[in-house]
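Colleague: Requesting a structural model of the entry that follows:
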Amino acid sequence: MWTDDPLHAQGLHIEFFAATNTLGESTPAAYADAEVRIHRERRL
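Modeller: Okay, the predicted model is just below:
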């Protein structure tokens, strides 16, 4: 079963964002969150 631990071991993260009425509206927020996570992980 692919839970967080096996996914993280492969360097993968699954994130879910709330749906909105506007297609693609959450995309900028998803990219921003991913950038923050990548930079945080690189500092460790």
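Colleague: Check the residue nearest the centre of the chain and give its pLDDT.
Modeller: Using CA atoms, centre = their mean, the residue of the chain that lies closest to the mean C-alpha position is Glu15, 4.3 Å off. For Glu15, the model assigns a pLDDT of 76.
Colleague: tell me the contacts of it?
Modeller: By CB atoms under 8 Å, 6 or more residues apart in numbering, the contact list for Glu15 reads 30, 33-34. C-beta here means a position set from N, CA and C on the backbone, and glycine is covered the same way.
Colleague: could you dump those residues to TSV with pLDDT?
Modeller: As requested, these are exported to TSV (pLDDT from 0 to 100):
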residue	pLDDT
Ala30	79
Asp33	83
Ala34	82
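Colleague: can you give me the helices in this structure?
Modeller: Counting by DSSP state H, the chain has helices at residues 4-9, 27-43.
Colleague: Quick one: mean pLDDT for the shortest one?
Modeller: The average of the pLDDT scores along helix 4-9 is 84.
Colleague: Show me what counts as buried in it.
Modeller: Within helix 4-9, no residue counts as buried by 16 or more other CB atoms under 10 Å.
Colleague: Look up phi and psi at Thr3.
Modeller: phi -100, psi -180 (degrees, to the nearest 10).
Colleague: re earlier: how about a markdown table for the helices of the chain, with distance to Asn21 added?
Modeller: Below are the helices of the chain laid out as a markdown table (distance: least, CB to CB, whole Å):
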| stretch | distance to Asn21 |
| --- | --- |
| helix 4-9 | 30 |
| helix 27-43 | 14 |
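Colleague: quick revisit: closest to Arg42 among the contacts of Glu15?
Modeller: Ala34 (12.5 Å; CB to CB).
Colleague: Count the neighbours of that closest one for me.
Modeller: 12 (other CB atoms under 10 Å).
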